[in-house]
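Undergrad: Below: sequence and its predicted model.
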Amino acid sequence: MKTALITGGGQRIGAQIAKTLHAQNYNIIIHYRSSKQPAQVLAEQLNQIRGNSASIVQAELSAIGELETLANSIKTLDVLVNNASVFYPTPLQETSENDWHKIIDSNLMAPFFLSKLLSAKLAKNQGCIVNIADIHGQRPLKNYAIYNISKAGVLMMTQTLAKELAPDVRVCGVAPGSILWPENGAKLSEPQKNKMLGKIPLGKQGSEQDIADCVLFLSNSAYITGQIINVDGGRTLNQ
Ligand SMILES: NC(=O)c1ccc[n+]([C@@H]2O[C@H](COP(=O)([O-])OP(=O)(O)OC[C@H]3O[C@@H](n4cnc5c(N)ncnc54)[C@H](OP(=O)(O)O)[C@@H]3O)[C@@H](O)[C@H]2O)c1
């Protein structure tokens, strides 16, 4: 029985990754920060399917101390999915140092140090890390500089850790295109959504399942490391 930790795994894309790996017999550790309720409901659903197969763990990932506590709480691990992330616009002239730390610490520092802290446990099981990046780590989204920089860092982190942790731990990435419309601070208007959809050769948004399927594929691909797969309906062809 293998074990996977999914950060930000209680809802949206993270929850679908959790369900998909669980359906392939993984035990699931669902990390959450503030969304305890959906994480708890998901864990109960998974435990009803298979007893004692899912648990939840809370942590603010931008705090090193909480990363250490999280990593220490995990006994055995086969797959680490670095999925948690913040996303909101940061136009250059309106951006503060606080925004820089909030986004870089959540999106880049946390996956880096979580990888460090869990690498020995992953190595013991010949495990793997799957980083959820973004196509905007390669081609920037206007007015989202810090987010773009954080995801560009995730792409390089994937490649550099793939070298450093080989041969015992594989490190791969998934770069989603448009999957779910953002909530809260980054909501888009209908014309903005239509403009974005018009640039996708496959003509529609992807689904959470499209991302989860790619995570599962990479988790099972014993001879792939250092690769990042764009799951974007061809969007990068038009950028
Ligand atoms: N949605 C898309 O279309 C899309 C497109 C491209 C890339 N992506 C990438 O795919 C991944 C999942 O996307 P999503 O839209 O499902 O994510 P999301 O809903 O925006 O965020 C997932 C979770 O991350 C957690 N989180 C954020 N900052 C945290 C911190 N400092 N400490 C602990 N947890 C933190 C939050 O947990 P709590 O709610 O518990 O606080 C949140 O629920 C992300 O890496 C995102 O960048 C998504």
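TA: Here it is on my side, so go on.
Undergrad: ok, residues contacting the element among helices and strands of the chain having the smallest mean pLDDT?
TA: Considering only helices and strands, the least confidently modelled element of the chain by mean pLDDT, DSSP states H and E is helix 190-198, at a mean of 91. For helix 190-198, contacts defined as CB atoms under 8 Å, 6 or more residues apart in numbering pick out 178, 181, 188, 203-205. C-beta here means a position set from N, CA and C on the backbone, and glycine is covered the same way.
Undergrad: how distant is that helix from the center of its chain?
TA: Using CA atoms, centre = their mean, to the nearest Å, the mean C-alpha position of helix 190-198 is found 24 Å from that of the whole chain.
Undergrad: start the count at 15, not 1, going forward
TA: Sure thing, new numbering starts at 15, so read that last one as helix 204-212.
Undergrad: need the next SSE after that helix, C-terminal direction.
TA: Remark: after helix 204-212, the chain's next helix or strand is helix 222-234, criterion DSSP states H and E.
Undergrad: And for that following helix, what's in contact with it?
TA: Surrounding helix 222-234, the residues in contact under the criterion CB under 8 Å, 6+ apart are 18, 26-27, 29-31, 33-35, 38, 92-93, 95, 142, 144, 146, 186, 188, 190, 193-194, 238, 241, 243, 245.
Undergrad: Poorly predicted segments of this structure, please.
TA: Applying pLDDT under 70 to the chain flags the ranges 199.
Undergrad: thinking again about what came up before, which members of the contacts of helix 204-212 define the maximum pairwise distance?
TA: 202 and 217 (17.6 Å; CB to CB).
Undergrad: Between these two, which is the more surrounded one?
TA: Each of residue 202 and residue 217 had its neighbours counted (other CB atoms under 10 Å), and the higher figure belongs to residue 202 (13 against 9).
Undergrad: gap between the more buried one and residue 147?
TA: 20 Å (CB to CB, to the nearest Å).
Undergrad: most residues in a single helix of the protein, which one?
TA: As assigned by DSSP state H, the longest helix anywhere in the chain is helix 159-179.
Undergrad: Which other helices and strands does that helix contact?
TA: Contact partners of helix 159-179 among helices and strands, from 3 or more CB pairs under 8 Å, 6 or more residues apart in numbering; DSSP states H and E: helix 111-118, helix 124-138, strand 142-146, strand 184-190, strand 242-245.
Undergrad: Torsion angles phi and psi at the residue nearest to the spatial centre of the chain?
TA: If you average the C-alpha coordinates of the chain and look for the closest C-alpha using CA atoms, centre = their mean, you land on residue 97, 1.7 Å from that point. Residue 97 has phi and psi values of phi -110, psi -30 when expressed as degrees, to the nearest 10.
Undergrad: Check the gap between the nearest residue to residue 185 once chain neighbours are set aside and the ligand for me.
TA: For residue 185, the nearest residue in space outside its immediate sequence neighbours is residue 176; the separation is 4.0 Å by CB to CB, 6 or more residues apart in numbering. Distance from residue 176 to the ligand, counting by CB to the nearest ligand atom, to the nearest Å: 18 Å.
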